[in-house]
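J.: pasting the sequence and the predicted coordinates here, then a few questions.
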Amino acid sequence: MNLPNALTILRIFFVPLLVAALVQEGVGFQIGSVKVTNEWLSLAIFLVAAATDLLDGYLARRWKQVTTIGTLLDPIADKLLVSAALISLVQVRALPGWMAVLIIGREFAVSGLRSIAATEGYTIKASDLGKTKMFCQVVAISVMMLAVRHPELHTPGLVLMWGVVFFAMASAISYFGKFWHKIDEGVKNRRRHELLVLERKRQRALRRQRRSNGSSGTAGGLAGTIWKPPEVS
């Protein structure tokens, strides 16, 4: 196993730690005179996990270690991390449930869209809107985690979450537009190819029928001719 894949798997293992740190009250530890409470611990886990998302992709491309398992696990790890953070924030009543459902639903809808496109032979790459959404998502979730113990951050956090919802919906519409365009072109090309194949088959059938009719006419003409012996003078 290479390092990028190990970082991806490590991000998946961060998910239960994040949920435990954010949901369980009284989780924390003392570092000298500083007490690290659960919201700061959960924020640290979330940011480290988000950093591994950037690092594993960068290292895989730089070291040319892009693998099939890494390509499959990376988006799953991302969605598990974000979904766990959002659901945990709903659990502690820091985030409206409909926002979490909308964002998580969007993530899985786009994943399904990419899977369908892949079966059709197309690759839908991440757009600039999608990257902006991811950045806003990390910032907004981080602020909402701190808002659990610091109510003054709740309003700024909600404003940032509204930004996440906007960019999530805008990027989803962009992805569906690209998907529809590519699939529409693919269907038209396949239909055109099928019509050409049918036309060629029809032309071959007509030629065979003409040859068959020509052969039958020649045979019939020969069969209708009666042989007569030559007359002897």
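T.: Now that the structure is in, tell me what you want to look at.
J.: off-centre distance for stretch 140-154?
T.: 30 Å (Cα atoms, centre = their mean, to the nearest Å).
J.: what sits up against that stretch?
T.: Taking contacts as Cβ atoms under 8 Å, 6 or more residues apart in numbering, the residues outside stretch 140-154 that touch it are 22, 37-40, 42-43, 46-47, 82, 85-86, 89, 92, 94-95, 156-158, 160-161, 163-164. Where C-beta positions appear, they are placed from N, C-alpha and C, glycine not excepted.
J.: list buried residues within those.
T.: Buried residues within the contacts of stretch 140-154, defined by neighbour count using 16 or more other Cβ atoms under 10 Å: 22, 37-40, 42-43, 46, 82, 85-86, 89, 92, 94-95, 157-158, 160-161, 163-164.
J.: residue contacts, Leu129?
T.: By Cβ under 8 Å, 6+ apart, the residues touching Leu129 are Phe167, Ala170, Ser171, Ser174.
J.: make JSON lines from those residues and add secondary structure to it.
T.: Shown next, in JSON lines, are those (DSSP: H, G, I helix; E, B strand; the rest coil):
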{"residue": "Phe167", "secondary structure": "helix"}
{"residue": "Ala170", "secondary structure": "helix"}
{"residue": "Ser171", "secondary structure": "helix"}
{"residue": "Ser174", "secondary structure": "helix"}
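J.: just the buried residues of those residues.
T.: With burial judged by 16+ other Cβ under 10 Å, the buried subset of the contacts of Leu129 is Phe167, Ser171, Ser174.
J.: with adjacent residues omitted, what lies nearest to the first one?
T.: So the one you mean is Phe167. Spatial nearest neighbour of Phe167, excluding adjacent residues (Cβ to Cβ, 6 or more residues apart in numbering): Lys133 at 3.7 Å.
J.: mean confidence score for the strand or helix carrying that neighbour?
T.: Taking DSSP states H and E as the definition, Lys133 sits inside helix 128-146. Helix 128-146 shows a mean pLDDT of 86.
J.: just stretch 56-73 next, same as before
T.: What stretch 56-73 shows for mean pLDDT is 80.
J.: from here on, count from 22
T.: Shifting the count to begin at 22 puts that one at stretch 77-94.
J.: pull that stretch out as CSV, backbone CA atoms only.
T.: Below are the C-alpha coordinates for stretch 77-94, written out as CSV (Å, rounded to 0.1, in the frame of the first residue of the first chain):
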residue,chain,number,x,y,z
ASP,A,77,-3.3,12.2,-0.8
GLY,A,78,-4.4,13.6,-4.2
TYR,A,79,-1.3,15.8,-4.5
LEU,A,80,1.1,13.0,-3.6
ALA,A,81,-0.7,10.5,-5.9
ARG,A,82,-0.3,12.8,-8.9
ARG,A,83,3.2,13.9,-8.0
TRP,A,84,4.6,10.5,-7.4
LYS,A,85,2.4,8.9,-10.2
GLN,A,86,0.8,6.5,-7.7
VAL,A,87,-2.8,6.9,-8.8
THR,A,88,-4.4,3.5,-8.2
THR,A,89,-7.9,2.1,-8.8
ILE,A,90,-8.5,1.5,-5.1
GLY,A,91,-7.4,5.1,-4.3
THR,A,92,-9.7,6.5,-7.0
LEU,A,93,-12.6,4.5,-5.5
LEU,A,94,-11.9,5.2,-1.8
